[in-house]
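K.L.:
kindly generate the corresponding structure for this input.
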Amino acid sequence: QVQLVESGGGLVQAGGSLRLSCAASGSTFSINVMGWYRQAPGKQRELVAAMTNDGSTNYSDSVKGRFTISRDNAKNTVYLQMNSLKPEDTAVYYCAAARGVLKVAETDYDYWGQGTQVTVSS
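P.N.:
The predicted structure follows:
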């Protein structure tokens, strides 16, 4: 089992920045992909960014150039640096972990965090 705990969410004005963190514990040796998803009110959960152990990344088009995913394997922690935030980035952000390949489907993520709220005011 793997446990994921997110932190770093909050309220920020448009144009501002936030950094989310996700600390993984447990059987982390089995994990290859760490990802960030988000779900806005009334919308489906969507992929924001994902990263493999070897550093390969995948971003949603809506966040390319603004968000950066990174990971510290020694600390079993993945980060999401969010810059130039927009009101439409408002959502609950979830950390997820998978054993599979980079572009694994959402349903194939094995573990999920509890989510952290990000609110961007205009």
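
K.L.:
state the helix or strand in which the most centrally placed residue in the chain lies.
P.N.:
Centroid check for the chain by C-alpha atoms, centre = their mean gives W36 as the closest residue, at 2.0 Å. Using DSSP states H and E, W36 falls within strand 33-39.

K.L.:
and the next element down the chain from that strand?
P.N.:
Counting by DSSP H and E, the next helix or strand C-terminal to strand 33-39 is strand 46-52.

K.L.:
which ones are touching the residue nearest to S7 when sequence neighbours are not counted?
P.N.:
In this structure, S7 finds its nearest non-sequential neighbour in S21, 5.1 Å apart by C-beta to C-beta, 6 or more residues apart in numbering. All C-beta spots, glycine's among them, are computed from the backbone N, C-alpha and C. Residues near S21 by C-beta atoms under 8 Å, 6 or more residues apart in numbering: 6-8, 77-79.

K.L.:
please indicate which of the residues you listed are buried?
P.N.:
Buried residues within those, defined by neighbour count using 16 or more other C-beta atoms under 10 Å: 6, 8, 77-79.

K.L.:
can you redo those as TSV with pLDDT?
P.N.:
Formatted as TSV, these follow (pLDDT from 0 to 100):
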residue	pLDDT
E6	96
G8	96
T77	95
V78	97
Y79	98
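
K.L.:
show me which of those is closest to N53.
P.N.:
V78 (10.7 Å; C-beta to C-beta).

K.L.:
name every strand pairing with the host helix or strand of the closest one and say which way it goes.
P.N.:
Using DSSP H and E, V78 falls within strand 77-82. Strand 77-82 pairs in its sheet with strand 18-26 (antiparallel), strand 67-72 (antiparallel), by DSSP bridges.

K.L.:
save the ones you listed as CSV, and put in mean pLDDT too.
P.N.:
Below are those laid out as CSV (pLDDT from 0 to 100):
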stretch, mean pLDDT
strand 18-26, 97
strand 67-72, 96
